[in-house]
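Visitor: coords please:
(chains A, B, C, D, E and F)
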4 protein chains.
Amino acid sequence: MPTPPNPLRRNESSRRAILDAALQLCAEDGYGRLTIEAIAARAGVSKKTIYRWWPSKGAVILEAIDDMADLFADHVDTGDLAADLHTQLSAVIELLTPPNNSAVTGLIAEALHDKELANDLRERLIRPRITAFKDRMRIAQAGGQLPPDADLDVALDLIYGPVYHRLLFHLGMPDAEQLRTLIAHALRGIQPA
Amino acid sequence: MPTPPNPLRRNESSRRAILDAALQLCAEDGYGRLTIEAIAARAGVSKKTIYRWWPSKGAVILEAIDDMADLFADHVDTGDLAADLHTQLSAVIELLTPPNNSAVTGLIAEALHDKELANDLRERLIRPRITAFKDRMRIAQAGGQLPPDADLDVALDLIYGPVYHRLLFHLGMPDAEQLRTLIAHALRGIQPA
Amino acid sequence: MPTPPNPLRRNESSRRAILDAALQLCAEDGYGRLTIEAIAARAGVSKKTIYRWWPSKGAVILEAIDDMADLFADHVDTGDLAADLHTQLSAVIELLTPPNNSAVTGLIAEALHDKELANDLRERLIRPRITAFKDRMRIAQAGGQLPPDADLDVALDLIYGPVYHRLLFHLGMPDAEQLRTLIAHALRGIQPA
Amino acid sequence: MPTPPNPLRRNESSRRAILDAALQLCAEDGYGRLTIEAIAARAGVSKKTIYRWWPSKGAVILEAIDDMADLFADHVDTGDLAADLHTQLSAVIELLTPPNNSAVTGLIAEALHDKELANDLRERLIRPRITAFKDRMRIAQAGGQLPPDADLDVALDLIYGPVYHRLLFHLGMPDAEQLRTLIAHALRGIQPA
DNA sequence: CCGTAAGCGAGACGGTACGTCAAGTCTTGCT
DNA sequence: AGCAAGACTTGACGTACCGTCTCGCTTACGG
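Guide: All right, here's what the predicted structure looks like:
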């Protein structure tokens, strides 16, 4: 009977070594060349230990990224909505651009054909940012910088969509100026009919 | 010296069999389970023949998709810009939704870590659609439905971004009504400052 | 670093299955058609397991033959030297004649261009027989059937040489009577000057 | 209908280029690494041309060796039988010892599992030497150096056997002195009962 | 405080696919 | 028709990782 492992007896130092090794290797060779074998070897850990706690290499990377708490910088509130969005999007873009992009884009790619992983990725990494984003937008609504009946789902699409569209087809990430323009247009688009 | 193969002597029927087999297998088992071995077996072709003409399974799928000319339906001009965009985006969404999505999303995922493939994908599949899109937009400008100084790159971002953002994080593709709303907001956002 | 495998953890049943499969296939299709692939399939074993423990198919066959301890019948002592040599040589000839010859002659052929294998073959299979042969000859010397100063290396050449000469050029193995004649002449040749 | 090729229209310069390339490559990389591909490339010849005229790489090498007329030096007659045999055997040993041995031992090895090739090898290369050997022995018989009823087949076995026995198991070729001893003993063994 | 059951490292195992190599066949265009 | 060139199918090569599976060990818990 394969009893599920007991989290209480888990070896925390192995866990850290695995997550660190995974990120290192990802940075060195790219997500594509990342293998469980290599993670185990680098971490000085048995493959069995990895398989005991994670279902796939994607899950390892996801946890590793999740552990680095504020990779996607949280939404700040300086009172200037466009500026705050610019700050936040710049952080996201940073993550999606070499040399930092390997782990995150690899994870995104894998999630495209792994439904389980996709769900985990969305719930653990993306959803909280969406929530933070909408919170910031609601503050803007309360402060009158945004119409109270603006559709925040549409806002999400217009603000974040461009970044990922460009990521997917290697169309080039916007620089600071282009980003400013994009945000301005997106905010204009949010106005309700 | 490994001389490059001579395209003139290429066996066209093998080429077709390979592309067809690749698409079939992709539809049956998903891009993730697609292997060069299996394509060769299904196509009744030697692995060598595949490796002779393509550098990776992604390249095979790309050519297969490229061969199906109008997968991404071309931009039409009925005179109603919003309706035409709706038509075109619906076709794209169709391609990115089960059960048709395997080949295309698989290709997109692979292109995320394969720079060569990414370039091919962009130049052969994406760029022509972007051009067609901008052509349609210019017609709209000429017809006065769109300001003559609207930034068409921003337009591209706002119109297509949302679809891919939702694809990546499995946020759910917009239905017909949501799509209409999105397009309306995007068109509003395009207005120059 | 490819650490050498740990013999203590070796799976004996895999080892046996591999050796048995190798001999079977050799008998069925001949040494020339023997492949690692086929051995692995027949033995229900992964190719990796074969490569882990043996450097070549020759080495597998060598171990398989070596395992069948007394293939080259040991030298007996009935007191009649010529008769005993006849018995022993008959056993060797048996091994080198269809339908039993495939594994042994295949191994000999491979050893002709593989120095490593040649050394293994000599030390594990041939040397012990040479030693046994010389032991038997020394008994004959002690018993006065052979001059005490006979050169046993020359004896080895004259007794065994003819068999392998005939094997190499398919000149036909000697039958029982021819063998008797050969031995008689060889023994006569051994006499010291 | 695959009509057999017409020898009259054969391109002699291709034939020579092939045989030369085969011997060169054999000397450079050893018989084991010799391939039809490599011969064709080196000779500047199409693979088809090789397959048209020879059934296997062994056959190519056999013809190449056969073409070099007197590889196995012919038997001479100085009047001294032992000395003449020594001369002849030295030439054979030369051929079977590095760095000259690759082609000949490779051919011998291949003939061990290729019956066709074995027959060709025996009839084209070996048989003539056997005949020459027996002719020389008959001269010795006529001259009284050898009993008139000596068994020349046994003689062949005792004289040549040792060399091939040592070749097969890498027991070391005899040096000039050992060879003299061996011949002396063999000649002694030939005496009829 | 001591046995025992878990997690652990190590790494062998049966597999699948990889990308390469050579075999031998076939087609095309040149001489 | 013979030939060079070279694309083709076939099949084996030896390697890389996969995910599963013992092995001893060590570690912490629970009787």
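Visitor: going forward, measure contacts between C-alpha atoms and count neighbours the same way
Guide: Will do.
Visitor: rounded to a whole number, what's the mean pLDDT of stretch A:170-189?
Guide: Averaged across stretch A:170-189, pLDDT comes to 96.
Visitor: With stretch A:117-132 instead?
Guide: 93.
Visitor: next one: stretch A:61-81
Guide: 85.
Visitor: Whatever residue of chain A ends up closest to DNA strand E in helix, strand or coil?
Guide: At 2.9 Å from DNA strand E, A:P5 is the closest residue in chain A, using CA to the nearest atom of the strand. At A:P5, secondary structure determined by DSSP: H, G, I helix; E, B strand; the rest coil is coil.
Visitor: Now the nearest residue to it once chain neighbours are set aside: phi and psi?
Guide: Counting by CA to CA, 6 or more residues apart in numbering or on different chains, A:P5 lies nearest to A:R52, which is 7.1 Å off, once chain neighbours are set aside. With angles defined as degrees, to the nearest 10, A:R52 sits at phi -60, psi -30.
Visitor: Next, count neighbours for the closest residue to A:M173 other than its chain neighbours.
Guide: Distances taken as CA to CA, 6+ apart place A:R166 nearest to A:M173, at 6.2 Å, with adjacent residues excluded. Neighbour count of A:R166, defined by other CA atoms under 10 Å in any protein chain shown: 18.
Visitor: So what's the predicted local confidence for A:R166?
Guide: A:R166 is given a pLDDT of 96.
Visitor: mind checking how far it is from A:A111?
Guide: 18 Å (CA to CA, to the nearest Å).
Visitor: Following the chain past the helix or strand harbouring A:D157, name the next helix or strand.
Guide: Assigned by DSSP states H and E, A:D157 belongs to helix A:152-168. Beyond helix A:152-168 on the C-terminal side, the first helix or strand identified by DSSP H and E is helix A:176-190.
Visitor: Okay, buried residues for that following helix please.
Guide: Neighbour-count burial for helix A:176-190, counted by 16 or more other CA atoms under 10 Å in any protein chain shown, picks out A:179-190.
Visitor: That helix close to chain B?
Guide: Yes. Applying CA under 8 Å from any CA of the partner chain, one finds helix A:176-190 in contact with chain B at A:182, A:185-190.
Visitor: Closest one to B:A17 out of those residues, please.
Guide: Using CA to CA, A:L182 is the member of those that lies nearest B:A17, at 45.0 Å.
Visitor: ok, that closest one touching B:V154?
Guide: Yes. With contact defined as CA atoms under 8 Å, A:L182 reaches B:V154; the gap is 6.5 Å.
Visitor: Now do the contacts for the residue in chain A that chain D sits nearest to.
Guide: In chain A, the residue that lies nearest chain D is A:R33 (33.2 Å; CA to the nearest CA). Under the criterion of CA atoms under 8 Å, 6 or more residues apart in numbering or on different chains, the neighbours of A:R33 are A:C26.
Visitor: Please repeat the previous calculation with a cut-off of 6 Å.
Guide: Counting by CA atoms under 6 Å, 6 or more residues apart in numbering or on different chains, A:R33 makes contact with nothing.
Visitor: Show the pLDDT at it.
Guide: pLDDT for A:R33: 92.
Visitor: Quick check, the residue in chain A closest to chain C?
Guide: Counting by CA to the nearest CA, chain A gets nearest chain C through A:A41, at 11.0 Å.
Visitor: What residues sit buried inside the helix holding A:D157?
Guide: So for helix A:152-168, counting by 16+ other CA under 10 Å, buried means A:152, A:154-168.
Visitor: So A:R42: helix, strand or coil?
Guide: Following three-state DSSP, the label given to A:R42 is helix.
Visitor: where's it relative to A:L62, distance?
Guide: A:R42 is 18 Å from A:L62, by CA to CA.
Visitor: Those two: which has the busier surroundings?
Guide: Neighbours per residue, other CA under 10 Å: of A:R42 and A:L62, the larger number sits with A:L62, 22 against 16.
Visitor: residues touching that one, list them.
Guide: Applying CA under 6 Å, 6+ apart, we find A:L62 in contact with no residue.
Visitor: does DNA strand E sit close to the strand or helix carrying it?
Guide: According to DSSP H and E, A:L62 maps onto helix A:57-67. No. Helix A:57-67 lies out of reach of DNA strand E by CA under 7 Å from any atom of the strand, never closer than 14.0 Å.
Visitor: What are the buried residues along that helix?
Guide: Result for helix A:57-67 [16+ other CA under 10 Å]: buried residues A:57-65.
Visitor: Domain-wise, how is chain A divided?
Guide: Domain assignment for chain A, taken from automatic domain parsing, gives A:7-67, A:81-190.
Visitor: Just send the ones you listed back as TSV, with distance to DNA strand F too.
Guide: Shown next, in TSV, are the domains of chain A (distance: least, CA to the nearest atom of the strand, whole Å):
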stretch	distance to DNA strand F
domain A:7-67	4
domain A:81-190	11
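Visitor: burial of A:Q141, as a residue count?
Guide: When counting by other CA under 10 Å, one arrives at 15 neighbours for A:Q141.
Visitor: Kindly report the same for A:E94.
Guide: A total of 16 residues lie near A:E94 under the criterion other CA under 10 Å.
Visitor: Could you find the closest non-adjacent residue to it?
Guide: In space, A:E94 comes closest to A:N100 once its chain neighbours are excluded; the distance is 7.2 Å by CA to CA, 6+ apart.
Visitor: Could I get the phi/psi values of the one you found?
Guide: The phi/psi pair for A:N100 (degrees, to the nearest 10) reads phi -100, psi 0.
Visitor: How many residues are close by it?
Guide: 14.
Visitor: Likewise for the one 5 residues further on?
Guide: When counting by other CA under 10 Å, one arrives at 21 neighbours for A:T105.
Visitor: following whatever helix or strand it lives in, which helix or strand comes up?
Guide: In the assignment (DSSP H and E), A:T105 maps to helix A:101-113. Going down the chain from helix A:101-113, the next helix or strand is helix A:115-121, by DSSP H and E.
Visitor: Mind checking if that following helix is in reach of chain B?
Guide: No. Between helix A:115-121 and chain B, judged by CA under 6 Å from any CA of the partner chain, nothing touches; the nearest distance is 6.7 Å.
Visitor: mind listing what's buried in that helix?
Guide: In helix A:115-121, counting by 16+ other CA under 10 Å, buried: A:117-121.
Visitor: Can I get that helix in CSV, CA atoms only?
Guide: The C-alpha coordinates for helix A:115-121 follow below in CSV (Å, rounded to 0.1, in the frame of the first residue of the first chain):
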residue,chain,number,x,y,z
LYS,A,115,-3.8,20.7,-17.1
GLU,A,116,-2.9,19.9,-13.5
LEU,A,117,0.1,22.1,-13.6
ALA,A,118,-1.8,24.8,-15.3
ASN,A,119,-4.3,24.9,-12.5
ASP,A,120,-1.6,25.0,-9.8
LEU,A,121,0.1,27.8,-11.7
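Visitor: Give me the next element, helix or strand, following that helix.
Guide: Following helix A:115-121 in sequence, per DSSP H and E, is helix A:127-142.
Visitor: quick one: buried residues of that following helix?
Guide: Residues of helix A:127-142 classed as buried: A:129-130, A:133-134, A:136-138, A:140 (neighbour count, 16+ other CA under 10 Å).
Visitor: now do stretch A:38-58
Guide: A:39-40, A:42-43, A:45, A:50, A:57-58.
Visitor: so A:P162 touches B:G161, yeah?
Guide: Yes. Assessed by CA atoms under 6 Å, A:P162 is found in contact with B:G161 at 4.3 Å.
Visitor: Which phi and psi values does A:P98 adopt?
Guide: Here the main-chain torsion angles of A:P98 (degrees, to the nearest 10) amount to phi -50, psi 150.
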